[in-house]
Structures are given as structure tokens and as C-alpha cells.
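Chemist: Dropping the sequence and predicted coords here.
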Amino acid sequence: RARAAAQERYAVFNESMHNQALARLQLETDLRQAIRRGEFRLVYQPIVDLAADRVAGWEVLVRWRHPVRGMVSPLEFIGVAEDTGLIVPLGRWVLHEGCRQLAEWMAADPDGGPRFITVNVSARQFLDVQLVDEVERAMRDHGLRPGSLKLELTESTVMGDPAAAAGLLGRLRGLGIPIYLDDFGTGYSSLAYLHQLPLDGLKIDRSFVQRSGEMAVVQTIVALARSLGVVVVAEGIEEPAQLEALRAMGCEYGQGYLFAKPLEPEAVAATLRVPVPVVA
Ligand code: C2E
Ligand code: MG
Ligand code: MG
Ligand code: MG
């Protein structure tokens, strides 16, 4: 009996593992096709200047409109795209489409429009030898000024090999590409290296912003950013009280559902002052 039960458990376990493997394989196949079929879209979440109460720029976030499953979250497919290397062509598309979109918005609203976009770059993309050339090409193709494209990298991406990262970040900075460390506080940053990296900003992970007990951590990161001479962006602001606390600490920029969820490009365009054509 015991043995039969054990066998049954094994069979169930085995079957669920089998199903997981199948689902994963299906996801890989679908991802490969999705790139060719153009099923990806970009949405844009404002990065707000907290003192001026103004949109300073937009973070680019990818969305997948799966023909059968509907909208699939990046949390579900970025990891698989990383493991399979598909993140490289996908990331290249995100970079070019984001730059194209920014150029269009700047042309529509030259004085008031969005000043920059930030594009997320995952670890696998950071290892891609073509990254710097790709970034340079995207800027050039769309006529973007230095500073108008920023990249977001996580701590683990950068701290894996900080010496190599410093070199790469230096080349990007030479092209006028500011770098933000994303989800800051959730990884393991060596403070010694942090001082040596050519960074432009720290994005405080939303877990610290959203837990009232963690405000001391936020304060520490704001102070750290100041000592490094970089800006600080708070992620995941949902409550007015969080915003007030961050302002009081001198946090410069913020993002979160309190301001806006990531928006479709049409919704962003509606916020721009598009010049009225002069009719003769
Ligand atoms: P991330 O770069 O840290 O982006 C922030 C995530 O938090 C986004 O989720 C955003 O929609 C969400 N968020 C923003 N404000 C709030 C808020 O107030 N409350 C809550 N609960 N969430 C908020 P999303 O779009 O699902 O993206 C998840 C992650 O997927 C991103 O985290 C990033 O690591 C990755 N990702 C997204 N787009 C890309 C991309 O184009 N390339 C790469 N390599 N990774 C991407
Ligand atoms: Mg990000
Ligand atoms: Mg983040
Ligand atoms: Mg995150």
C-alpha cells in the first residue's frame, strides 16, 4: 500500500513536471514566433520630477499580446527570453521602437514634450558584445540628443563582474547614455564598487517605498545617492503619504500608480501639446 501510494505520488509529481516542461517549451516556441509576427507592444510610465510636479521622462515597458492567451506579463516571459537568448533580438526591437517613439513625440512637442526615455536592459543583453553599437545606432537613426536615452540595469547585472561593467558603462557614458541602477536595494551592491561605477541614478525598489517600516532604508539610499552625486528615483508610489514622505526626504523623482500606470502610446500623445496647424 505504502509503495503504491508512493508510486502514485511519483506519477503525479512526474506528470506536473512534464506539464511544466511542455508549457515552457510552448512559451519558447511562441516567443520565437512573436518576434517575427510583431506581437510586442511598448507602454510608457511617467517618471515624475517630484519638486516641480512635472513629467521628466518615460520608462519603456514591453508588453506581449499573445494571440491566444491575451496580454502576457513581462515577469512571465523576460526570464525565458533571457535563458534562450531571445532577449537579444527582443531587446533590440524595444530599443529601436522606444527611440523612434521618443523622436516622434519630441517632434510633435519640441518645447514641452518628454525629454527622455529609459530602457530596461537585462543581464544577457549586457553581455551582448553588440550592445554599445546597437545603442549608438538607435540614437543616430532617430536623431536623439545625448541624455535622451537612458538605460536601466539591475544591481546583479552590474555587480556580477563590476570591473567589466565599469568599462562597458564608461563606453555608454561616452555616448551620452546615462545609466540608472534598477530595483536598487534588492541585490548586493558593493559600496566600494558603487563609487567606481559611472552611474547617473539609483531607482529605489518599490518594496522599500511601499512598506512604511522601510522608510529608513529609503532615507539611507537617498543619502547614498547624494554622496555618489547621482539622482534618485522612487518606484511604486501608490499612496499620497508615500509621496509626501519621499518629498520630505528630498527624493528627486518618482514613479507609480499614484501618478499613472504604464500608458499606451496614444494616451501619452494625448498628454502632449501637439501644435495646431496654421491654416492659410
Ligand atoms: P522594472 O523595470 O522594475 O519596472 C517596474 C515594474 O513595476 C513595471 O512592471 C511597472 O508596471 C510596475 N509598477 C510601476 N508602478 C507601480 C506601482 O505603483 N505599483 C506596482 N505594484 N507596480 C508598479 P512590468 O511592466 O510588469 O515589468 C516588470 C519587469 O519586467 C520590469 O521591472 C523589468 O525588469 C522587466 N521588463 C519590462 N519591460 C522590459 C524590457 O523592455 N526589457 C527588459 N530587459 N526587461 C523588461
Ligand atoms: Mg525598470
Ligand atoms: Mg524597477
Ligand atoms: Mg522591478
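Modeler: Arrived safely. Residues are numbered from 1 along each chain as shown. Ligands and ions are numbered 1, 2, ... in the order given.
Chemist: Skipping its backbone neighbours, what lies nearest the residue nearest the centre of the chain in space?
Modeler: Centroid-nearest residue in the chain: N120, 3.4 Å away (criterion: C-alpha atoms, centre = their mean). Distances taken as C-beta to C-beta, 6 or more residues apart in numbering place E152 nearest to N120, at 4.8 Å, with adjacent residues excluded. Heads up, the C-betas are built off the backbone N, CA and C, glycines and all.
Chemist: mind checking the backbone torsions on that neighbour?
Modeler: Per-residue torsions, E152: phi -110, psi 120 (degrees, to the nearest 10).
Chemist: Could you do I204 as well?
Modeler: phi -70, psi 120.
Chemist: That one and V231 touch, don't they?
Modeler: No - checked against C-beta atoms under 8 Å, the pair I204 and V231 is beyond contact range at 11.2 Å.
Chemist: When these two are compared, which one has more neighbours?
Modeler: Using other C-beta atoms under 10 Å as the criterion, I204 and V231 rank with I204 on top: 29 against 19.
Chemist: coming back round to it: okay, the residue nearest to N120: pLDDT?
Modeler: As predicted, E152 sits at a pLDDT of 98.
Chemist: what helices or strands is the longest helix along the chain leaning on?
Modeler: Ranked by number of residues, the top helix in the chain under DSSP state H is helix 2-37. Packing partners of helix 2-37 (3 or more C-beta pairs under 8 Å, 6 or more residues apart in numbering; DSSP states H and E): strand 54-66, helix 74-84, helix 87-108.
Chemist: where in the stretch 51-200 of the chain is pLDDT low?
Modeler: For the stretch 51-200 of the chain, the stretches with pLDDT under 70 are 113-114.
Chemist: any idea of the angle the longest helix of the chain forms with helix 74-84?
Modeler: Interaxial angle of helix 2-37 relative to helix 74-84 (axes from the mean of the first three to the mean of the last three C-alpha atoms, to 10 degrees): 90 degrees.
Chemist: got a list of what R173 touches?
Modeler: Residues near R173 by C-beta atoms under 8 Å, 6 or more residues apart in numbering: I179, P198.
Chemist: which is the next helix or strand following the one helix or strand it maps to?
Modeler: When secondary structure is defined by DSSP states H and E, R173 falls within helix 162-174. Tracing the chain past helix 162-174, the next element assigned as helix or strand by DSSP H and E is strand 179-184.
Chemist: still on that earlier bit, quick check, the residue nearest to N120 in contact with V119.
Modeler: Yes - under the criterion of C-beta under 8 Å, E152 makes contact with V119 at 6.9 Å.
Chemist: Between those two, which is the more surrounded one?
Modeler: Neighbours per residue, other C-beta under 10 Å: of E152 and V119, the larger number sits with V119, 25 against 20.
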